[in-house]
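# What shape does this take:
(one chain, ligands or ions: 1)
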Amino acid sequence: MSPTSHGGPGRIRGDGAVVARAPAKVNVHLAVAPLGPDGYHELRTVFLAVSLFDTVTVRPAGDLSIELTGEFAGGRSGPDRVPTDRRNIVWRAAELLAEHAGVPAHAAVTIDKSIPAAAGLAGGSADAAAALVALDTLWGTHATRGDLAGLAAQLGSDVPFSLLGGVALGSGRGDRLSPVLARRPWHWVLGIAGAGLSTPAVYGELDRLRAAGDLPSGEELVSPDPVVAALRSGPADALGAALWNDLQDPAISLRPDLRRALEEATAAGAVGALVSGSGPTVAALADDEAGAEALAAQLAATGSFRTVRAVHGPVHGARLVG
Ligand code: ATP
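Numbering: from 1, shown residues only. The predicted structure is shown next:
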């Protein structure tokens, strides 16, 4: 295998462009410790990469620019507004890789967003991971996968998983990963809300509910073992029964209609359903692909979601396309 991460000049298109894509994730287990003295929450999570992808195209240019396209290019205000300046995580990814490689951070970047922003699906992290992979090839920086993983961890705690893909147990802030075996593809329906939720706001609500005694303190982290065992060998209903998310109650507290959306998913035949990450996306598990198609049709008809998507996972992490 080549010591560099992903192909070389062969992946540069005739027009000079390089294209990479990276997947959304669902946390099939998310246990959150109390707020630490460093201002962060320690996590024990199981990530599953699912078949909803953002695509990042990079072209040679004399400076750095970002353009957004696609269904979820972003709202005009609120947490689902996606910036196109240095506040965009892709901008920071470009600067970080350029600094690492000693090259100018020059590229015209287009992000085609199929992953809604501020939805608990790690769309920004997917874009950062795809940008690292694409720019590595555009600039000929020959970073190893290990180099890119190190840069990814500096960009955000979900970015290393967006690079890796598959299924992985995450600890620390979610950035220390070990792969988990999944013997079969799992079929899901994502119920995507009309407006995003801010991740810091959901963590803040968790802290508030715990301080008020409305939720257990989190001192003892809920074990991921049942989910890991179900992923390895279980029928879908065993995984459905094992799904866990400490951020679900705070997300519902901020967005009470999520409770009804989860009930609708179960009533429509999902074998399990949970809020993905910090929400507000609802991830509903089906028995198989046909079941997911039927569930998607039913959930679309409830009117509780802006849109629904039938997806499967695990899928690969960030990689070049074409
Ligand atoms: P996570 O599940 O990792 O907590 P999320 O999926 O809920 O995150 P993101 O879509 O990653 O959230 O976006 C979170 C915030 O980051 C948004 O409010 C947005 O303003 C900002 N942001 C910066 N760059 C991007 C990007 N490329 N795509 C989406 N959001 C971005």
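
# Direction included, what does the helix or strand in which residue 58 is found pair against?
Counting by DSSP states H and E, the element that carries residue 58 is strand 41-59. Within its sheet, strand 41-59 is paired with strand 18-35 (antiparallel), strand 107-112 (antiparallel), strand 167-171 (antiparallel), according to DSSP bridges.

# Indicate which one of the ones you listed is closest to residue 133.
Nearest of these to residue 133, taken as Cβ to Cβ: strand 18-35 at 4.3 Å. Heads up, the C-betas are built off the backbone N, CA and C, glycines and all.

# What residue in the stretch 51-200 of the chain comes nearest to the ligand?
Of all residues in the stretch 51-200 of the chain, residue 124 sits closest to the ligand, at 2.8 Å by Cβ to the nearest ligand atom.

# Tell me, how many residues neighbour that residue?
Neighbours of residue 124 under the rule other Cβ atoms under 10 Å: 25.

# which residues does it contact?
Residues in contact with residue 124, defined by Cβ atoms under 8 Å, 6 or more residues apart in numbering, are 82, 88, 89, 117, 156.

# part of a helix, is it?
Yes. Counting by DSSP: H, G, I helix; E, B strand; the rest coil, residue 124 is part of a helix.

# and residue 290, helix, strand or coil?
helix.

# How much space separates residue 300 from the ligand?
22 Å (Cβ to the nearest ligand atom, to the nearest Å).

# which residues sit in contact with the residue lying closest to residue 122 once chain neighbours are set aside?
Computed as Cβ to Cβ, 6 or more residues apart in numbering, the closest residue to residue 122 that is not its neighbour in sequence is residue 158, at 4.3 Å. Shown in contact with residue 158 (Cβ under 8 Å, 6+ apart): 25, 47, 122, 125, 174, 175.

# Name the nearest of those residues relative to residue 107.
residue 125 (19.1 Å).

# For the closest one, which non-adjacent residue is spatially closest?
That would be residue 158: by Cβ to Cβ, 6+ apart, it lies 3.9 Å from residue 125.

# Could you tell me how far that neighbour is located from residue 229?
Residue 158 is 24 Å from residue 229, where distance means Cβ to Cβ, to the nearest Å.

# Next: residue 115.
Between residue 115 and residue 229 the computed distance is 29 Å (Cβ to Cβ).

# who has more neighbours, these two?
For residue 115 versus residue 229, neighbours defined as other Cβ under 10 Å are more numerous around residue 115 (29 against 13).

# ok, stretch 159-172 near the ligand or not?
No. Remark: stretch 159-172 sits outside contact range of the ligand, by Cβ under 6 Å from any ligand atom, the gap being at least 8.7 Å.

# mind listing what's buried in that stretch?
159-171 (16 or more other Cβ atoms under 10 Å).

# Check these and tell me the two furthest apart.
Longest distance between any two of the buried residues of stretch 159-172 is 17.9 Å, between 165 and 171; criterion Cβ to Cβ.

# List the contacts of residue 107.
When contacts are taken as Cβ under 8 Å, 6+ apart, residue 107 is in contact with 58, 59, 60, 61, 64, 65, 94, 135, 138, 139.
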